[in-house]
Structures are given as C-alpha cells and as structure tokens.
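Enquirer: Could you look at this predicted model? Sequence included:
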Amino acid sequence: MQIYTVSQVTQYIKNLFEVDPMLQDLWVEGEVSNCAQSTAGHIYFTLKDARAQLRCVLWRSQVAQLEHLPANGKAVVVHGRASVYEAQGSYQLYVDWVQPAGAGALFLQFQALKDKLQREGLFATERKRPLPRFPQRLGVVTSPVGAAIRDVLHVLRRRYPLAEVILAPTLVQGDEAPPQIVAAIEALNAYIDVDAIIVARGGGSLEELWPFNDERVARAIFASKAPVISGIGHETDYTIADFVADVRAPTPSAAAEMVVPDQKALRAQIRQYCDALHQGTRQCVAEKRSTTEHVLALLHRFSPRAVVDRWRQNLDERRQRAMTMQAHRLALLREQLAGMKLRLQTLSPESTLNRGYAIVSRRDTGAVVAHIAQVTSGDAIAVRVSDGHFTGIVD
Amino acid sequence: MEEIAGLTFEQAFQQLEEVVRQLESGELSLEQSLTLFERGMLLARLCESKLDAAEQKVNQLVGVSSEGPVLAPFTAEE
C-alpha cells in the first residue's frame, strides 16, 4: 500500500487536468456572481447555471487587454483552461477571454483568436512587408479547381505574363483544409524560391471560409519568408488570414492585380523613358555645341593668327601715319622751294637785262668783261641782252 | 553592351530607369551621354521584347521527393 502526501495527490490531479486537451481549451457559458477585484488587480468570480458553479480567475495582465469584463448578474461566455489551485485544493477556470453571451460560437472563436493574435503582434503594421515590384515567381495557395485559381491565372496572364506561377493545391474548406494550407505555404517557402504567395479562396459562407480563421493557418502566414497577399471570399469577408497577411486583397482577382505590375502601364512607361532618352541626348548635344562654340571663340581670340593679324593691323596704321607725315613734309618743302625760286628770280640777271642792261663777255675765254682793262682793240666779244646775244669787235 | 541580352525584365527595367535618371541629371560628357542613350534604347527594346514574348508558365507543386520539389504543368479547367 502506497501512502501519498496531500501535495502529491493534488499535483497528480493537477496533472490530469493539464494533459486533458478539452480542459485546456474550454468555452463556458454562465451567469457571473461573487465578482470581485483583488488589490493586486486580478478578478475573481463564479460562473453558475441552475445546477452548478465554477470558480474563475482573470489575471490582471488579461484584465487590461479585454474589451468585456465579468460583472455580477451578467450572462457571459468565457474562454480559458481549467486547472487546480493547490493551496486551496480547488479547481478553477483560468479565464483569458470574456464575451457577453448570445453571440454565435464561430463569432466567439473568431473574436478570441483575433484578440489573442493581435496581442502577440501577428497583425502589427511594422511587420507588414512590401510586395516585390516585379515578381519573377509567384506561389498560389488555393484549390486547383474553381473560380479562384482561374481568376488569379487570368489576371496574372493579362497583366504580367512574365511571372511564373507555382500552384500549391489545397482543399479550401472543411477540417482537412487548414493543415493542407499550412503545408502548402511551408512547402513554397522551403522548396520554391517564390517572391510572394497569394492565399486565395472564392466566396462562400462563414463556415466555408472557416479554414482561413484557423490559428495554424495564421501562424503559417506569419512565418512565411515570402510576403503573403490574401484574397479570400468577397469584399466584405474578413478572415484572420487577412489580418496576418502582409497585404489583404478583397478577392482572389484583386490579389492577383495587386501582386504584379500591369504590362500596359509598363509599356507606356518604357515609351516615356525612350522619349526621355531622346530628349536628354538632344539636350546634351545642344549644350556641348554651345560650349564648343564659346570655346572656339575664345580660342580664336588668342590664336597666333589673331596675334599676327593684330600686329599687321598695327603696322598698317603706323605705315599709314608715316605716309601721311611724309606727304605733309614734302608739301612743305615744295612750298619752300617755290618761295626760293621766286626770290631767285628777282635776283637773276634776266630782270636786269630786261631793263636794258647788257652783259659783255670775251669770246675767247667766256669771261665776263666788267673792267676796261680786260679788253684791247680787236678782241672778239659777245654781248648778251634780254632776248638773245650778238657779237662784235672792240675798236 | 553584350551583357544586356542576359538581363531579366526586372534588371533591364531598373537599369533603364537608372540610365534615364543619369541622362537627365546632366553633367555627362558627350560620349557618355551617347553611350547611355544607346544603352537605354537597347534596354527599352529588351523590356518590350520580353513582354511581347512572355507566355505565362504555370506549374503545380505535386509533391516533394528526395531530389526536391516535384512540379507538373497545370492548366485550370474552364
């Protein structure tokens, strides 16, 4: 016979609670009573129905993050795990989520998971990655049959046929869908070098879209190395996958539109670039031409030829000046000469001869006879008068 | 210039953008701008011809073997 301590038994019972998956993930509906907040901030309350009571605790750390809190008399649905509080030997529910009763079960699950993942930071805008500008290879996680894949491929082909598509086929509804979707996302990341992943599903009821509200799917999207774009259901459908995805598109077609550029726009852009190339080159050539002309003008100014030209011009001017001066001097001389000639004329013997004087010279020597003693009788003489001369013999 | 032929669309397009940006920034020699012009036109032509020639390739990931992923051509039912 084995005798146990109280602690051992209590620990054993606690273990039983904690290995039971149902007790670790419980949704319980009931009416709140005995609700009180401790000085430490934890909230203790009891959930009851007509026949039983369940003690509950809500830790302070949760209290701050919950939208709804328990209050006496309120009908609520809570989520939590059941475990044993050893010190009092009682079991209780450790609550992590509270919602007023009356909402549908799926809605409750959705809200609870959304709150939880949000708290963990899975929806944080800082971690949203931009989609690649020109994806070369795209992964598509969706059903191989149906409108979604057809629409996605059609849009991708029309807009950007350069992108290679790798379809990772999965179920998209039912209990088997979430593990398949997770495996598809993981396989694309592990084996195929995809630039982005489209997770898509065509429209359907809330239940049909349910796999995309699965926590495993949300975590697989979060863990994806390649950015994920979700296109699930219609415009108005929001799934947990949409919140975790890097980009949320309202439909599968819209996801395809957003993940690739449009070749029409690209072609227009390329033509614009061609225009810019022409324009830019023309402008560069024009600028270079005007610079060249400017430099040529400078060069011309300082070329040896120009220097020679300038000197030549300088020389020309000097020569011109010299010639002018020369002509001036000549004219002056000429004038002086004329004056002297005039004076000479007044002094010449001719004017004396005109007045009736004569000049007598010996014919043998030509000497002018100015004195009697120069001649004797019989000498031949020449007599010059104003308009000629005649000869004679001295008596 | 011959290495242009080996570029992907993305590389060619981004280089084209860069060439246009450089050409518009000015401060280039005549030779540089003519070289850029020529290169830009080749890149533009390459981008267009890649778009013209592109045919969508769709494969389906059917499984993973020891040698890696197993792909098979996929056509969506109409």
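Expert: In hand now; what should we look at?
Enquirer: which residue of chain B sits farthest from its center?
Expert: Distance from the centre of chain B peaks at B:Ser66, with 32.5 Å (Cα atoms, centre = their mean).
Enquirer: ok now do the closest residue to A:Ile229 other than its chain neighbours, which residues does it touch?
Expert: In this structure, A:Ile229 finds its nearest non-sequential neighbour in A:Val247, 4.4 Å apart by Cβ to Cβ, 6 or more residues apart in numbering or on different chains. The way it works is simple: take the backbone N, C-alpha and C, and place the C-beta from them, glycine included. Neighbouring residues of A:Val247 by Cβ atoms under 8 Å, 6 or more residues apart in numbering or on different chains: A:Lys128, A:Leu131, A:Pro227, A:Val228, A:Ile229, A:Ser230, A:Ala255, A:Met258, A:Val259.
Enquirer: Go again with 10 Å.
Expert: A:128-131, A:196, A:198, A:227-231, A:255, A:258-259 (Cβ atoms under 10 Å, 6 or more residues apart in numbering or on different chains).
Enquirer: Mind giving me the PyMOL select for those residues, buried ones only?
Expert: Buried members of the contacts of A:Val247, defined by 16 or more other Cβ atoms under 10 Å in any protein chain shown, are picked up in PyMOL with:
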select buried, chain A and resi 131+196+198+227+228+229+230+231+255+258+259
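Enquirer: What ranges in the chain fall below the confidence cut-off?
Expert: Reading this off chain A. In the predicted model of chain A, residues A:104 satisfy pLDDT under 70.
Enquirer: Chain B was what I was after
Expert: B:1-2, B:78.
Enquirer: Quick check: longest strand in it by residues?
Expert: Taking DSSP state E as the criterion, chain B has its longest strand at strand B:58-65.
Enquirer: For that strand, buried residues please.
Expert: B:Val58, B:Asn59, B:Gln60, B:Leu61.
Enquirer: sec struct for the residue most central in space within chain A, please.
Expert: Geometric centre of chain A, nearest residue: A:Arg133, 13.9 Å, by Cα atoms, centre = their mean. When classified by DSSP: H, G, I helix; E, B strand; the rest coil, A:Arg133 comes out as coil.
Enquirer: which residues in the chain form strands?
Expert: Let's take chain A. A:26-37, A:43-48, A:53-58, A:75-85, A:90-100, A:137-142, A:164-169, A:196-201, A:228-232, A:247-249, A:359-362, A:380-385, A:388-393.
Enquirer: ah, I was thinking of chain B
Expert: Counting by DSSP E, the strands of chain B are B:58-65, B:68-73.
Enquirer: Now these in JSON lines, please, with extra columns for distance to A:Asn34.
Expert: Shown next, in JSON lines, are the strands of chain B (distance: least, Cβ to Cβ, whole Å):
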{"stretch": "strand B:58-65", "distance to A:Asn34": "56"}
{"stretch": "strand B:68-73", "distance to A:Asn34": "59"}
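Enquirer: Residue nearest the middle of chain B, spatially speaking?
Expert: B:Phe9 (1.4 Å).
Enquirer: which residue packs closest to that residue, ignoring adjacent ones?
Expert: In space, B:Phe9 is closest to B:Lys50, 4.6 Å off (Cβ to Cβ, 6+ apart).
Enquirer: Tell me the spacing between the one you found and B:Leu43.
Expert: 11 Å (Cβ to Cβ, to the nearest Å).
Enquirer: Would you check which of the buried residues of strand B:58-65 are in contact with chain A?
Expert: B:Val58, B:Asn59, B:Gln60, B:Leu61 (Cβ under 10 Å from any Cβ of the partner chain).
Enquirer: which ones are touching the second one?
Expert: I take that to be B:Asn59. With Cβ under 10 Å, 6+ apart, B:Asn59 has these contacts: A:Arg137, A:Glu164, A:Val165, A:Ile166, A:Leu167, A:Ile192, B:Pro69, B:Val70, B:Leu71, B:Ala72, B:Pro73, B:Phe74.
Enquirer: Surely the fifth one touches A:Ala187?
Expert: This points to A:Leu167. No: if you go by Cβ atoms under 10 Å, A:Leu167 and A:Ala187 don't touch, sitting 11.4 Å apart.
Enquirer: So what touches stretch A:279-299?
Expert: A:273, A:306, B:19-30, B:32-34, B:36-38, B:40-41.
Enquirer: Of the residues you listed, which belong to helices?
Expert: A:273, A:306, B:19-25, B:30, B:32-34, B:36-38, B:40-41 (DSSP state H).
Enquirer: Out of these, which end up buried?
Expert: The neighbour-count test (16+ other Cβ under 10 Å) marks A:Tyr273, B:Val19, B:Val20, B:Gln22, B:Leu23, B:Ser33, B:Leu36, B:Phe37, B:Gly40, B:Met41 as buried among the ones in helices among the contacts of stretch A:279-299.
Enquirer: what's the farthest-apart pair in those?
Expert: Using Cβ to Cβ, those span at most 14.9 Å, a distance reached by A:Tyr273 and B:Ser33.
Enquirer: A:Cys274 contacts B:Leu23, correct?
Expert: No: counting by Cβ under 10 Å, A:Cys274 sits too far from B:Leu23 to count as a contact (11.5 Å).
Enquirer: To what extent is residue 28 buried, counted in neighbours?
Expert: Since you didn't name a chain, this refers to chain A. Residues within reach of A:Val28, counting by other Cβ atoms under 10 Å in any protein chain shown, total 16.
Enquirer: Sorry, I should have been clearer: chain B.
Expert: Look at B:Leu28: counted by other Cβ under 10 Å, it has 18 neighbours.
Enquirer: so what's it up against?
Expert: Counting by Cβ under 10 Å, 6+ apart, B:Leu28 has contacts A:Gly280, A:Thr281, A:Cys284, A:Glu287, A:Lys288, B:Gln22, B:Leu34, B:Thr35, B:Leu36.
Enquirer: Please consider this matter closed, and thank you.
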